Each structure stands twice: as C-alpha cells, then as structure tokens.
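S.K.: A structural model of the following input is requested.
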Amino acid sequence: MSGFIGVLVVGFLLGRPGHEALVPSQWIASLLGENSVLSNFFAAIAGACMYFATLTEIPIVQGLLGSGMAQGPALALLLAGPSLSLPSMLIIGSELGMRKTAAYVVLVVLLSTLAGLLYGIFI
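M.R.: Here you go, the predicted structure:
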C-alpha cells in the first residue's frame, strides 16, 4: 500500500511526460538534464537515499525523464536505488559495522555514477 501512495505522490509532484506538475521541469532539467559527473553523482546519491518498493522506480524515473532528466543520471538512479536505501544502510551498519557500510555505500554511489556517465556518453 505504501508503494502505491509513493507512486501517487510522485505522480502529483513530477506529472507525466508532456504535462507539467507541481515540481517545475526546469528544476529537474537544471539538476539532472545533462550527462555530467555532477548530475550522475546527484542522481546516485538521491537513489541511494530513496526507498524503492518493487517496480515503483519505473514510474518515478519515467516522470523524471519526462521532466528533462538525461538518460545517464536515470541509469545512475536506477542502479543505486535498489542497492541502497536509508533503512538498508542502518541494517547493514548494525550487522557489518559502520566502516564496512561506508565502504559499501561509497562504492555503490561511485560505480553507479561511473556507469551512468559512461551510458550517457555512449547512448
């Protein structure tokens, strides 16, 4: 049920392709509209902090792409999102320790950023 509510909220905030919503598409395009290291890094960080229920990332990324997000940052978000979330970081930290958790988080964010950047260059 919470996944449905999350997708509904994102729909109101991001709209759908071709239709403006509460968050102006200029904001999304200015942050994530180009395939730069900073855009990919920001998308990877955002994906790492979000909690994605199964298949909710698809409408979220579709809304972001429709608002001007480039394809490289979209991939970075899609790679980091299912790998990490704030609840999973807390659980991993309690089981493995903060040092190993920090290494895991840094690796996921950096490799997601790199993959998004390379994808954006070649696509």
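
S.K.: Check whether Ala53 sits in a helix, strand or coil.
M.R.: Following DSSP: H, G, I helix; E, B strand; the rest coil, Ala53 is assigned to coil.

S.K.: My guess is Trp108 contacts Ala80. True?
M.R.: Actually, residue 108 is Val. It isn't Trp. Yes. Assessed by Cβ atoms under 8 Å, Val108 is found in contact with Ala80 at 5.7 Å. Where C-beta positions appear, they are placed from N, C-alpha and C, glycine not excepted.

S.K.: These two: which is more packed in?
M.R.: Ala80 (29 against 19; other Cβ atoms under 10 Å).

S.K.: Show me what the mean pLDDT comes to for the host helix or strand of the more buried one.
M.R.: Element membership for Ala80 (DSSP states H and E) is helix 71-83. What helix 71-83 shows for mean pLDDT is 93.

S.K.: Show the secondary-structure elements that the longest helix anywhere in the chain is packed against.
M.R.: With secondary structure taken from DSSP state H, the chain has its longest helix at helix 98-122. Other helices and strands packing on helix 98-122, by 3 or more Cβ pairs under 8 Å, 6 or more residues apart in numbering; DSSP states H and E, are helix 37-49, helix 71-83, helix 86-96.

S.K.: just those helices: most buried one?
M.R.: Most buried of these, by mean neighbour count (mean count of other Cβ atoms under 10 Å): helix 71-83, with a mean of 24.
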